[in-house]
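Q: generate a structure from the sequence data that follows.
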Amino acid sequence: MELWLLNRFSTVALTLLVVGGFVALAVLGSLLAYRRHPALATGEHNEMVGVVLGMFGAIYGIILAFVIVNLWTQLEGTMSVVATEATSASQIVRDARAFPPEHQAAVDAAVKGYVHSVVEVQWPLMREGRGDFSRTAEHVEAMYAALRGFEPQSQSEQVFYQEAVDSLNDVVAQRRSRIADSKLSLPPLLWLLVIGGALVILPLTFIYGIRNRRIRLLFVGSVAGLIGFSLLLVLVLDRPFAGDLCVSPQPFKQSELARFW
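A: Below you'll find the model as predicted:
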């Protein structure tokens with residue numbers, strides 16, 4: 001459901017859906033609560049409700065802050081993994097310039113095949129949370145084969161050859177991290193806590209007595225809007241390769257890799 005929403009709706013549409021939905025639900029709930037129990041407007045239980053609302057709000061706020069910061073850190077980490085992988089692939093191409101033309105061409109062809117498979121084959125799968133190692137395994141082996149097929153002769157070739165091998169090993173390591181990150185998501189228990197907390201706090205705002213109807217609805221709607229925006233952040237940050245706010249494959253089209261496109 002989460003991936004379906006992220007991949008089919010823009011961030012603006014999700015904002016209207018999530019935030020607008022929470023505000024509408026809160027306003028409707030408040031109107032129904034006061035229609036059924038008009039005495040709520042007297043504010044007889046405001047002191048108790050205020051204490052409970054403040055306590056629950058503080059606990060829920062800490063939980064949301066922890067979740068959002070953790071997800072943002074995870075997104076930044078995934079961006080760094082992708083950038084490092086692309087940089088290492090680009091470095092292989094640079095190092096191969098020290099090889100004889102035929103071996104340089106073989107390395108370039110192998111790297112080109114790899115970056116195209118990452119962007120055109122693997123990336124759509126990662127957007128669906130189905131990152132698959134096998135989709136690029138053939139091209140990884142082709143890069144290793146291209147380097148194994150070259151026997152450096154001069155000191156310069158040996159230095160650049162070793163650098164290319166090290167960069168290829170780094171590409172493989174970052175590839176594993178990238179695919180693993182594509183399958184990450186918030187544990188169901190945390191999702192239950194985040195959504196459950198919202199469903200506990202919202203009804204508490206309904207029973208906080210305010211005689212002025214407009215001010216009451218403004219109060220309820222503001223709390224619902226804040227919760228809705230927080231849940232929206234959790235939703236869009238949870239999957240690093242899905243939605244508008246996601247990791248881009250652009251690093252695989254830049255620097256030395258740009259000429260492969």
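Q: which helices and strands sit right next to the one helix or strand residue 199 maps to?
A: Assessed by DSSP states H and E, residue 199 sits inside helix 188-206. Packing contacts for helix 188-206, counted by 3 or more Cβ pairs under 8 Å, 6 or more residues apart in numbering; DSSP states H and E, involve helix 11-36, helix 46-95, helix 213-238. Quick note: C-beta positions are derived from backbone N, CA and C, even for glycine.
Q: would you turn those helices into a markdown table with distance to residue 118 and mean neighbour count?
A: Output for these, formatted as a markdown table (distance: least, Cβ to Cβ, whole Å; neighbours: other Cβ atoms under 10 Å):
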| stretch | distance to residue 118 | mean neighbour count |
| --- | --- | --- |
| helix 11-36 | 25 | 16 |
| helix 46-95 | 8 | 16 |
| helix 213-238 | 22 | 19 |
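Q: quick one: contacts for residue 178?
A: Listed by Cβ atoms under 8 Å, 6 or more residues apart in numbering, the contact partners of residue 178 are 78, 81, 82, 85, 126, 131.
Q: now with 10 Å, please.
A: Applying Cβ atoms under 10 Å, 6 or more residues apart in numbering to residue 178 gives the contacts 78, 81-82, 84-85, 118, 122-123, 126, 131, 240-241, 247.
Q: rewinding a little: how far off helix 213-238 does the helix holding residue 199 point, in degrees?
A: Taking axes from the mean of the first three to the mean of the last three Cα atoms, to 10 degrees, one finds helix 188-206 and helix 213-238 inclined to each other by 170 degrees.
Q: let me see the backbone angles for residue 185.
A: With angles defined as degrees, to the nearest 10, residue 185 sits at phi -160, psi 160.
Q: doesn't residue 67 make contact with it?
A: No. With contact defined as Cβ atoms under 10 Å, residue 185 does not reach residue 67; the gap is 12.0 Å.
Q: okay, and the common contacts of those two?
A: Contacts common to residue 185 and residue 67, judged by Cβ under 10 Å, 6+ apart, are 191, 238.
Q: quick one on the thing from earlier: pLDDT and distance to residue 99 added to the contacts of residue 178, as TSV?
A: Supplementary listing: these in TSV, determined by pLDDT from 0 to 100; distance: Cβ to Cβ, whole Å:
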residue	pLDDT	distance to residue 99
78	94	33
81	96	28
82	96	27
84	96	23
85	96	22
118	95	23
122	93	27
123	94	29
126	92	32
131	84	32
240	92	36
241	92	34
247	92	32
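Q: of those residues, closest to residue 23?
A: Residue 23 has its nearest neighbour among these in residue 240, at 28.1 Å by Cβ to Cβ.
Q: and the closest one, how close does it get to residue 131?
A: Look at residue 240 and residue 131: by Cβ to Cβ, to the nearest Å, they are 11 Å apart.
Q: so the two - more neighbours on which side?
A: Between residue 240 and residue 131, counting by other Cβ atoms under 10 Å, residue 240 is the more crowded of the two (24 against 21).
Q: which residues does the closest residue to residue 15 other than its chain neighbours contact?
A: Nearest non-adjacent residue to residue 15, counting by Cβ to Cβ, 6 or more residues apart in numbering: residue 232, 6.0 Å away. Neighbour list for residue 232: 11, 14, 15, 17, 18, 19, 22 [criterion: Cβ under 10 Å, 6+ apart].
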